[in-house]
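Student: next comes the sequence, and after it the predicted model I'd like to discuss.
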Amino acid sequence: MASAAIGRGIRTVHCHGYTKRSRDHKDLGCVTFRPSRKCFKMETESSVGFGNGFETGIGASASQTPAADPFLSPSKNDSTDPQKKSKETALILIRHGESLWNEKNLFTGCVDVPLTKKGVEEAIEAGKRISSIPIDMIYTSALIRAQMTAMLAMSQHRRKKVPIVLHDESEQAKQWSRIFSEDTMKQSIPVITAWQLNERMYGELQGLNKQETAERYGKELVHEWRRSYDIPPPNGESLEMCAERAVAYFKDQIEPQLLSGKNVMIAAHGNSLRSIIMYLDKLTSQEVISLELSTGVPMLYIFKNGKFIRRGSPAAPSEVGVYAYTKTLAKYRQRLDEMFE
Ligand SMILES: O=C(O)[C@@H](CO)OP(=O)(O)O
C-alpha cells in the first residue's frame, strides 16, 4: 500500500492514511420528488439541482433540501426539527485504487484508465473500512478509476443504499434517468461526477513512463514537475492550477452540503485530493509538496462548527478509536448493528 518513494533521499511515512515525505528523513510527521401523475410528465419547473429527482439542496429552500440519513437522528421527532439537526458531519476522502497505468508506472493525469485487479481489491478493502460511516452524497471525478473505486467501496457499505450516478449532461439525460418512487429515492445515494475533481492534467507527460522520463530529463527536473507547487509539467497543470479548480469546487459545491448536514464521500485522485487536503489541513505550499496519498486508503474528517478535524483512516485495529471520536458516528454504527445483525 505504501507509495513509492520518489527521488533520492526521500522516503514515505504513513500518516493517518496519507503519507508525508521528508527529504531529511524526519517524519513530518430530495428530494422534491412528487409522486403525482404530473411527475410522469417529467415535471421540472420547481426542480433545483439535478432534475433527476435528486436535489442537492444547494440554492434550494429548506423544504427542498433532502434530509441526511434518518439513521443519524436520535428520534423521528428530532429529524424533522432543523434546529436539532446533527451539527457534525463526516467527510471521507479516498484516492482511487491502483490503475493499469499506476501499475505500468506511466504518467496518467486526465487519461481515463480503469483499475487493476489489485485496485479493485483496494477499493473493496476501503469500502470495508468505511462500511459503518454514514454517507449521504458521493462526489467523484469524471474519470472511471475514481468512479469504480466509489462504487466498489459502496458495495461493502452496511446501510445498503444504492449509489446512483446523476446524469446532467443534457436535459434529456436528466429526464431519462428520473426515479418515480419516493421510497426508492430514500434508499439511494446520489453520485455526482465532476471534472473539477479530476487528476491534475499532466500535459505532454501523459502516457510516458515515469522512470524513463526521469532518466531522459533528469531526476531533479522530473521531481519538480511532479511535486513542486507552482511549476507545471510541459503544457500541463501545476498543483496550484489543479488546486484552483478542485478547491473552488469543494468550497462551492461540497462544503455547503456538509454545512446542511450531509455526510459526504469524495473519490478522486492523488493531486486533486492533495490540493483539497491542503485546504482542509491549512498546509502551506511547502508542506503540501511532501504530502503523498496511498491508493485506496480512505481518510476521515469530521466537519464541526465550520472546522475540519482530521480523524485518520478508519482502519482496523484503530477502527474503534476512530468511531470513539464522535458520539454521532458511534450511534450510527450501533443502529446498523441493531438493524443488520
Ligand atoms: O500519473 C499521475 O497522474 C499521478 C498519479 O499517479 O502521478 P504523480 O505520482 O506524479 O502524482
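Tutor: Thanks, I have the structure now.
Student: quick one: contacts for whichever residue of the stretch 51-200 of the chain sits closest to the ligand?
Tutor: In the stretch 51-200 of the chain, the residue that lies nearest the ligand is Thr108 (3.6 Å; Cβ to the nearest ligand atom). Placement of C-beta: from N, CA and C, glycine included. Contact analysis of Thr108 by Cβ atoms under 8 Å, 6 or more residues apart in numbering lists Ser99, Trp101, Asn102, Glu199, Tyr202, Gln206.
Student: gap between it and Glu199?
Tutor: According to Cβ to Cβ, to the nearest Å, Thr108 and Glu199 sit 6 Å apart.
Student: cool, Ile192 as well?
Tutor: Distance, Ile192 to Glu199, using Cβ to Cβ: 17 Å.
Student: which one's more surrounded, those two?
Tutor: Neighbours per residue, other Cβ atoms under 10 Å: of Ile192 and Glu199, the larger number sits with Glu199, 29 against 21.
Student: now for the spatially closest residue to that one that is not a sequence neighbour, how many residues are close by?
Tutor: In this structure, Glu199 finds its nearest non-sequential neighbour in His269, 3.7 Å apart by Cβ to Cβ, 6 or more residues apart in numbering. Counted with other Cβ under 10 Å, residues neighbouring His269 total 28.
Student: and the stretch 201-341 of the chain, which residues reach the ligand?
Tutor: By the rule Cβ under 6 Å from any ligand atom, the part of the stretch 201-341 of the chain lying against the ligand is Tyr202, Arg226, Gly270, Asn271.
Student: what's the most distant pair in those residues?
Tutor: Across these, the longest distance by Cβ to Cβ is 11.0 Å; it joins Tyr202 and Gly270.
Student: where does the stretch 201-341 of the chain dip in pLDDT?
Tutor: When residues are selected by pLDDT under 70, those of the stretch 201-341 of the chain lie in 314-325, 341.
Student: check the secondary structure at the closest residue to Glu98 other than its chain neighbours for me.
Tutor: The shortest distance from Glu98 to any non-neighbouring residue, by Cβ to Cβ, 6+ apart, is to Gly119 (3.8 Å). Three-state call for Gly119 (DSSP: H, G, I helix; E, B strand; the rest coil): helix.
Student: does Gly119 touch Ser294 like I think?
Tutor: No - the pair Gly119 and Ser294 fails to qualify as a contact (Cβ atoms under 8 Å) at a distance of 11.9 Å.
Student: where do the helices sit along the stretch 101-250 of the chain?
Tutor: Along the stretch 101-250 of the chain, counting by DSSP state H, counting those that start in this stretch, helices occupy 117-129, 144-154, 171-176, 182-186, 210-217, 219-227, 239-249.
Student: most tightly packed of these?
Tutor: Per residue and on average, the most neighbours among these fall to helix 144-154, with a mean of 25 (mean count of other Cβ atoms under 10 Å).
Student: and Ile189, what's its pLDDT?
Tutor: Here the pLDDT value assigned to Ile189 is 98.
Student: and it, how far is that from Gly236?
Tutor: Going from Ile189 to Gly236 by Cβ to Cβ gives 33 Å.
Student: beta-bridge partners for Ala90, please?
Tutor: Note on Ala90: beta-bridge partners by DSSP bridges are Ile302.
Student: contacts only, for it.
Tutor: Residues in contact with Ala90 (Cβ under 8 Å, 6+ apart) are Ile133, Pro134, Ile135, Asn263, Val264, Leu300, Tyr301, Ile302, Phe303, Leu329.
Student: give me the neighbour count for the nearest residue to the third one once chain neighbours are set aside.
Tutor: Just to be clear, that refers to Ile135. Of all residues not flanking Ile135 in the chain, Met265 sits nearest, at 4.9 Å (Cβ to Cβ, 6+ apart). By other Cβ under 10 Å, the residues close to Met265 number 27.
Student: may I have whatever helix or strand Met265 lives in as PDB, with CA atoms only?
Tutor: Element membership of Met265, judged by DSSP states H and E, is strand 264-268. Provided in PDB are the C-alpha atoms of strand 264-268 (Å, rounded to 0.1, in the frame of the first residue of the first chain):
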ATOM      1  CA  VAL A 264     -20.100  13.200   2.000                       C
ATOM      2  CA  MET A 265     -17.600  10.800   0.300                       C
ATOM      3  CA  ILE A 266     -15.200  12.100  -2.300                       C
ATOM      4  CA  ALA A 267     -13.400   9.600  -4.600                       C
ATOM      5  CA  ALA A 268     -10.700  11.300  -6.600                       C
END
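Student: so which elements touch that strand?
Tutor: Packed against strand 264-268 by the contact rule (3 or more Cβ pairs under 8 Å, 6 or more residues apart in numbering; DSSP states H and E) you find strand 88-95, strand 137-140, helix 144-154, helix 270-280.
Student: next one: that strand to chain centre, how far?
Tutor: Relative to its parent chain, strand 264-268 has a centroid offset of 1 Å by Cα atoms, centre = their mean, to the nearest Å.
Student: that older thread, looking at the helices of the stretch 101-250 of the chain, which is nearest to Phe340?
Tutor: Phe340 lies closest to helix 117-129 among these, at 14.3 Å (Cβ to Cβ).
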